[in-house]
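S.K.: Model the structure of this input:
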Amino acid sequence: MNEQAFLIGDGQISQITGPHGVTPECPEARFKKLDVVRVRRLKHLCHLPELGAIVAIVPPGFSPDHAWDDLCGRPRRLLHQVPSRIVRYLVAFEGDRAPYLLREAWLVATTEPAAEIAIAAA
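M.R.: Model prediction:
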């Protein structure tokens, strides 16, 4: 995904990009990065696999798009999702390329060892 924007005016074209950053720590999070979690079998989550891995913690007041961009090492998006007031997690599932944004209440801790995560180029 190429996140570029251009300002056009006065006969000039200026390219603007978002800044690089680091997702802030979230001490109140119940799970930590690379934890293997079980997804609760709720009606709207029944299509997801049972086990997933936490790839990023999205603290309250922080955009999940910025957390994903920070994890991938890309500049932050100029247009992004609105931050939430609760802790959320980006969860990855084996064999699925897309991360899912899930609430803490939808996840259950497991005794599985920590996951190994790799970001593959698209």
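S.K.: ranges for the helices of the chain?
M.R.: For the chain, applying DSSP state H gives helices covering 64-72.
S.K.: Show the pLDDT at Leu33.
M.R.: Just to correct that, residue 33 is Lys rather than Leu. Lys33 carries a pLDDT score of 93 in this model.
S.K.: swap in Gly52?
M.R.: 95.
S.K.: Pretty sure it sits against Val39.
M.R.: Yes - Gly52 lies in contact with Val39 (Cβ atoms under 8 Å); the separation is 6.0 Å. Where you see a C-beta, it was placed from the backbone N, CA and C, and this is true even at glycine.
S.K.: what residues are shared contacts of those two?
M.R.: Common neighbours of Gly52 and Val39 (criterion: Cβ atoms under 8 Å, 6 or more residues apart in numbering): Val91.
S.K.: Have a look at this structure and report its longest strand.
M.R.: Counting by DSSP state E, the longest strand found in the chain is strand 51-58.
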